[in-house]
Structure formats: structure tokens, C-alpha cells
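Colleague: Sequence first, predicted model second:
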Amino acid sequence: MPLIAQQQKGKASYYSKKATGARTASGERLHHDSMTCAHRTYPFGTLLKVTNPNNGNSVVVKVTDRGPFGRGRIIDLSYGAAKELGILACGVATVVVEKVGKGVPYLEEDSIKLPQIDFEVVANHYNIIDDWKNRDGVVDKKMMHNAKNIATTRKRQQAKKPNKQTEDMQKDNKTSPTKKEKENRWNNVFERLKGLF
């Protein structure tokens, strides 16, 4: 596309400050300080450079809305963009609109060099990388030996302690009445009730 086709010259108007908070056609909310605009044809998110030929001021705005639908106007600017261009007093002014490349050109900054950090935590000669290398089921003999010792000591401790569940069951069996005794108790209640009436 030739450069001339990417430039438009025409009238520009701007949104009122009172339009702040209104939803635009792209779905974004309008803010009077934002550098946004409305254009009939450019896709949402396109960056446009708008220049005021009367004073040479220019601003880069993002297309977030559709319009303007007034005759002879090519772009509607946000209040902040119109202020930067110096067209607030005019209301409607002649501007030149150009499409900007992929992004706004910024000065390159020096790259920040981050320090090298070793995240391997070593405590008591423990190395996570060695454990990771042994992930395929290879277990150190020492670990296996320790595990067996722990298992045997637990078995011994459990054998020494009487099983609490069996003790509780035995207590329940001694204190709980049999089914026949329960029936007799209810019969006694009914007998007593009959005596009252």
C-alpha cells in the first residue's frame, strides 16, 4: 500500500468529558484521559498517529470505537488526545491521520542483568538432584535398611500395646444389655404406664 493511501486528511471532533465511563464499540470503557479514538474503518486496536497541521502537535491513539457519523469528519478523539493536539477551543479541526506500525517507537533501554541464583538447597548433605536421578525405582541400600528398621520397630511397639479397639469392644459387651433384657425393660415401662391409668 502506498504511503499516500495510509494518510487521511479531514476534520476531527472529540468526545466530551461527560462521556467518561461509556462503553465503546470494542467493549472497552472510555476515559477522558486515555489516548483513544473512533474511526469508521480501521480495526479495533489499530494505532493511529494524528497530527494537527496548524501547530504541528501529534499524538498516537488507539482505535476503540466506531464513528464519527457526522458529515465531513474522519475521526473522533478522546478528550485527552484533543487536549494534546490543541483543538479543544476549536471543537472541530483539520487533522492528518496516519496508521502507525506494529507499536509505538520507544527508546531502547539498557538490558537489566539479573544475578545467577543457585536454588539447590543443601541441608544435612541432602541433594534433591540425586533423588531425582534415582526416580526410576533405584533406592539406596541405606534408605531401604532404614525403612526396614522403622517398620520392625513399629511392629514391636504395636505388639506391646494392647489393641484399644478390642478393649473398647470388650467393655461394650460387658456393659451393654442383651436383646432380651432390652425387651424386658420396655415391657416394664409399659407395665408402669398401665398402672398409672
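Modeller: Ah, there it is. What you see is a predicted model, and the numbers here were worked out from it, not measured in a lab.

Colleague: Read off the pLDDT value for Lys179.
Modeller: Looking at Lys179, its pLDDT reads 61.

Colleague: and if you look at Ala19?
Modeller: At Ala19, the model reports a pLDDT of 89.

Colleague: which residues touch the closest residue to it other than its chain neighbours?
Modeller: Ranked by C-beta to C-beta, 6 or more residues apart in numbering and with sequence neighbours excluded, the top spatial neighbour of Ala19 is Leu30, at 5.6 Å. Just so you know, the C-beta spots here come from the backbone N, C-alpha and C atoms, and that holds for glycine as well. Residues in contact with Leu30 (C-beta atoms under 8 Å, 6 or more residues apart in numbering) are 15, 19-24, 36, 64-65, 78.

Colleague: What segments of this protein are strands?
Modeller: Secondary structure of the chain (DSSP state E): strands at 7-14, 36-38, 47-51, 58-65, 73-77, 93-99.

Colleague: so which of those strands comes closest to Ala151?
Modeller: With respect to Ala151, and counting by C-beta to C-beta, the nearest of the strands of the chain is strand 58-65 at 67.6 Å.

Colleague: so what's the residue nearest to Gln6 when sequence neighbours are not counted up against?
Modeller: Nearest non-adjacent residue to Gln6, counting by C-beta to C-beta, 6+ apart: Lys99, 5.0 Å away. Going by C-beta under 8 Å, 6+ apart, Lys99 touches 6, 42, 46-49.

Colleague: Pipe those into TSV and attach distance to Leu114 and pLDDT per row.
Modeller: Output for the contacts of Lys99, formatted as TSV (distance: C-beta to C-beta, whole Å; pLDDT from 0 to 100):
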residue	distance to Leu114	pLDDT
Gln6	40	77
Tyr42	39	92
Thr46	35	91
Leu47	31	92
Leu48	37	94
Lys49	35	95
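
Colleague: Make a PyMOL selection of the buried ones in those.
Modeller: Of the contacts of Lys99, the buried ones can be selected in PyMOL as follows, counting by 16 or more other C-beta atoms under 10 Å:
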select buried, resi 42+47+48+49
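
Colleague: In helices only, show me the contacts of Leu30.
Modeller: Counting by DSSP state H, the contacts of Leu30 place none of their members in helices.

Colleague: Now list the buried members of these.
Modeller: 15, 19, 24, 36, 64-65, 78.
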